[in-house]
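Participant: Build the 3D model from these lines:
(2 chains)
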Amino acid sequence: MDVRNALEPSSEDAFEKQILDADGLRRALTRIAHEILERNGGSEDLILVGMRSRGVPLAHRLSSLIGQFEGALVPVGELDITMFRDDLELRLTRPAIQPTVIPRDLTGTTVVLVDDVLYTGRTVRAAMDALLSFGRARQIQLAVIVDRGHRELPIRADYVGKNLPTARHELVEVRLREVDGIDEVMLSSHPRSGTNQA
Amino acid sequence: MRRKDVLDLDDFTPDELREVLETTAAMKEVLARPIRRVPPLRGKTIVNCFYEASTRTRVSFELAAKNLSADVVNITASGSSVEKGETLIDTTRTLQALGADMVIMRHGASGAPYLVARELDASIINAGDGWHAHPTQALLDLFTVQSRLGSIEGRRVAIVGDILHSRVARSATWGFTTLGAQVVLCAPPTLLPIGFADAVSTGLRAKGISTPCPVTMTHDVDEALRDADVVMALRVQRERMDAGLLPSLREYSREWGITRERIAKARFGALVMHPGPMNEGVEISPEVAYGPQSVIEAQVTNGVAVRMAVMYLLAGGRAGPAV
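Facilitator: Here you go, the predicted model:
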């Protein structure tokens, strides 16, 4: 997926703007970490599960923030939802499967799913389906950095860094130090870029 | 991986093999979950079509398909319309007409799955054809070595036993050499396939792989085992004696059986493998088969994960353009 090339501004309608800078992202994560603790009355039986790929570093960051506030270690899982996608039939080749690591049986736990962008809700649906193989969590909550709207399923986020109304042809990118070398959230549009994933 | 069928490993590129091995690792993780079922083949029908006896391979394919949420139908030659004289192509066409998306096929005749693959739109996975090929067995051998030793390239793999009649040896040789290992085939002179080493060398060159001496053949087991990282023993069948290829199983065991004394000639910590079923005390001694270097049980376990990986990768969408 080479989005960058597709984003080179080549007409007047194309634009790219920063929605959150590194400080903005840090504040959003700090607030979400506090909200998670407040809502769940602490960090007991809590587990953060990052959805590949950018949900994973985000989950680790939330875990270390919660560690700073509460002095408690919150385990982090890594979830690959490829095999649970509902659009596998539409692809010519099968996408590669990344490892899934869930550190404990989820029965009785409160799982906070972590992802970068909430868009159609289909990825979250797949993630919930995948999580059921690891035990019956008492509760599954959802934390995202950006909610950009356009849901196709009855799914909502419990913790949102930024609500961002978008058009379907626009592209929301959460860039992270661990993956992209920089912390920022970008909104861009290219008249010919069509739909995007999130 | 973009292919319709898996018939042998001779046409696999190193990248395709690596893709299968990586997917297998992911499938092993699925097998470790409390609920080991994932949905990528939901709504697909897979037919296990076995014209030859098999326990582990058939069960392994069946479990793999079920773990991927496919519907599985098993047919065996006995009790099917094969007994009424229906031809292979007609039987498999019928299976396709009944809605089979994938046919797993074992047949006593070398090349039978190739014939069927040409005639059918469904994907064919060769689960063993005559003396020719058994690609998923070879893939599970590759995976087992890769996960135990960390790498395949540059390793020395000794395969000892009835090479001439062994589809396992042939497919394993293609697989290991394609990933840059050297294979030594060792058997009594009557049980070595003449010309196979040259055929592999030519095939590898065509794939652009330039391992020096990828395949050597010998009838000296001590030479074969020297410095080997992997020692694979093959089943020796009583029928070969009746055909005059072997004087007796006792003589075979004395000259070519894998014993503790012989395994000491291999590299320290070398892996001992066997595709099963074993004749303990003939081609392999029980103390080696169940000893610390044996990965024979791991091979069976890995078989399910490998077959899940192959089915997952083959079932790539055919429902239109990529999205």
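
Participant: what kind of secondary structure is the residue nearest the centre of chain A in?
Facilitator: In chain A, the residue lying closest to the centroid (CA atoms, centre = their mean) is A:Asp115, at 1.1 Å. Secondary structure, DSSP: H, G, I helix; E, B strand; the rest coil: A:Asp115 is strand.

Participant: So it versus A:Arg125, what's the distance?
Facilitator: 12 Å (CB to CB, to the nearest Å). Glycine gets a C-beta too; all of them are placed from N, C-alpha and C.

Participant: where in the chain is pLDDT low?
Facilitator: Reading this off chain A. A:1-13, A:191-198 (pLDDT under 70).

Participant: hmm, I had chain B in mind actually
Facilitator: For chain B, the stretches with pLDDT under 70 are B:316-323.

Participant: residues in contact with the host helix or strand of B:Val231?
Facilitator: Counting by DSSP states H and E, the element that carries B:Val231 is strand B:230-233. Under the criterion CB atoms under 8 Å, 6 or more residues apart in numbering or on different chains, residues B:141, B:145, B:149, B:155-161, B:169, B:172, B:225, B:258, B:263, B:266, B:270-275, B:278, B:283-284 lie in contact with strand B:230-233.

Participant: mind listing which of these are in strands?
Facilitator: B:Arg156, B:Val157, B:Ala158, B:Ile159, B:Val160, B:Leu271, B:Val272, B:Met273 (DSSP state E).

Participant: so which of these comes closest to chain A?
Facilitator: Closest to chain A out of those is B:Leu271 (23.8 Å), distances taken as CB to the nearest CB.

Participant: State the distance from that closest one to B:Glu261.
Facilitator: Per CB to CB, B:Leu271 is found 18 Å from B:Glu261.

Participant: Of those two, which one has the most company?
Facilitator: In this view B:Leu271 and B:Glu261 are compared by other CB atoms under 10 Å in any protein chain shown, and B:Leu271 has more residues nearby, 24 against 10.

Participant: The more buried one against B:Pro292, yeah?
Facilitator: No: B:Leu271 is beyond contact range of B:Pro292, at 10.6 Å (criterion: CB atoms under 8 Å).

Participant: Next up, the contacts around the residue nearest to the centre of chain A.
Facilitator: A:Asp115 is in contact with A:Gly50, A:Met51, A:Arg54, A:Gly55, A:Leu58, A:Thr123, A:Val124, A:Ala127, A:Leu142, A:Ala143, A:Val144, A:Ile145, counting by CB under 8 Å, 6+ apart.

Participant: Please list the members of these that lie in helices.
Facilitator: Of the contacts of A:Asp115, the ones assigned to helices by DSSP state H are A:Gly55, A:Leu58, A:Thr123, A:Val124, A:Ala127.

Participant: Just the buried ones among the ones in strands among the contacts of strand B:230-233, please.
Facilitator: B:Arg156, B:Val157, B:Ala158, B:Ile159, B:Val160, B:Leu271, B:Val272, B:Met273 (16 or more other CB atoms under 10 Å in any protein chain shown).

Participant: Could you verify my assumption that the third one touches B:Glu223?
Facilitator: No: B:Ala158 is not in contact with B:Glu223 according to CB under 8 Å; the separation is 9.3 Å.

Participant: Need the overlap of contacts for those two.
Facilitator: In contact with both B:Ala158 and B:Glu223: B:Val184, B:Cys186, using CB under 8 Å, 6+ apart.

Participant: Work out for me the element the residue sitting nearest the centre point of chain B sits within.
Facilitator: Nearest to the mean C-alpha position of chain B, counting by CA atoms, centre = their mean, stands B:Gln137 at 2.1 Å. Assigned by DSSP H and E, B:Gln137 falls within helix B:135-149.

Participant: ditto for A:Leu131
Facilitator: Per DSSP H and E: helix A:122-131 holds A:Leu131.

Participant: Tell me how far that helix lies from the chain's centre.
Facilitator: Its chain's average C-alpha position is 12 Å from that of helix A:122-131, according to CA atoms, centre = their mean, to the nearest Å.

Participant: Stretch B:82-95 now?
Facilitator: Computed by CA atoms, centre = their mean, the chain-centroid distance of stretch B:82-95 equals 25 Å.
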